[in-house]
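K.L.:
Show me how the following folds:
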Amino acid sequence: MPHRVAVLALDGVLPLDLGIPARVFNEACEPDGTRLYSVVTCSLGGRPVRTHEDYRIVVDHDESALETADTVVLATQEPSERLLATGTLPEELAAALDRIGPRTRIVSLCTSAFLLAAAGLLDGQRATTHWALCDALARLFPDVDVDPDVLFVDNGRILTSAGGAAGIDLCLHLVRLDHGAAVASAAA
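P.N.:
Predicted coordinates:
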């Protein structure tokens, strides 16, 4: 059975970054071409997602996909003014993140580290985010050890990337951890 990856798309998602997990994980295959990962994209309530650009994306799954995932990826979305002001998540998003199993690997791409921090998932851990917002993340969430000088941070269960392109590196890192360097190189 392939490793199940659920990518959570939220309003404000960066379209390029939303495609990174599927693009990388779907390239990880057995020698016979069998995919090693099954990737689904979900949204809150299965609703269309307003992107950071001038269009919406329709997804086929709602947040219940988070319950059965082996890995959950939070696609890059700019932190909302509310999150930056209060350090809190909207109730619907907090409830969705609560659906993630205790052994599920959780990955944030770029500024989605703010979401993990607001959920308390980064407390006492090292993390990174886009270099332009590392200071803001550290100020808003002082219990998070923010490292602005890395492409990604792997804390075992929780992983964060520094930016969109670093999200590619982080996803390839996961493929290498799961299936070895040869599979990761082929996926790259």
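
K.L.:
Going along the chain, name the helices of the chain.
P.N.:
In the chain, the helices defined using DSSP state H lie at 15-25, 65-68, 81-86, 91-97, 113-118, 134-140, 164-179, 181-187.

K.L.:
From the contact counts, what lies against the shortest one?
P.N.:
Contacts defined by 3 or more C-beta pairs under 8 Å, 6 or more residues apart in numbering; DSSP states H and E place helix 65-68 against strand 3-8, strand 37-43. For the C-beta atoms, the positions are set from N, CA and C on the backbone; glycine is no exception.

K.L.:
quick one: buried residues of the last one?
P.N.:
Taking 16 or more other C-beta atoms under 10 Å as the neighbour-count basis, strand 37-43 is seen to contain the buried residues 37, 39, 40, 41, 42, 43.

K.L.:
wait, doesn't the third one sit right on residue 63?
P.N.:
Pointing back at residue 40 there. No: the criterion here is C-beta atoms under 8 Å, and residue 40 misses it with residue 63 at 11.2 Å.

K.L.:
Give me the contact list for the helix or strand of the chain with the lowest mean pLDDT.
P.N.:
Within the chain, judged by mean pLDDT, DSSP states H and E, the helix or strand with the poorest mean is helix 81-86; its value is a mean of 92. Contact with helix 81-86 is made by 88, 89, 90, 114, 115, 118, 136, 140, as judged by C-beta atoms under 8 Å, 6 or more residues apart in numbering.

K.L.:
Then stretch 49-63?
P.N.:
Contact with stretch 49-63 is made by 6, 8-15, 18, 40-46, 48, 77-78, 96, 99, as judged by C-beta under 8 Å, 6+ apart.

K.L.:
If you tally nearby residues, what's the number for residue 140?
P.N.:
19 (other C-beta atoms under 10 Å).
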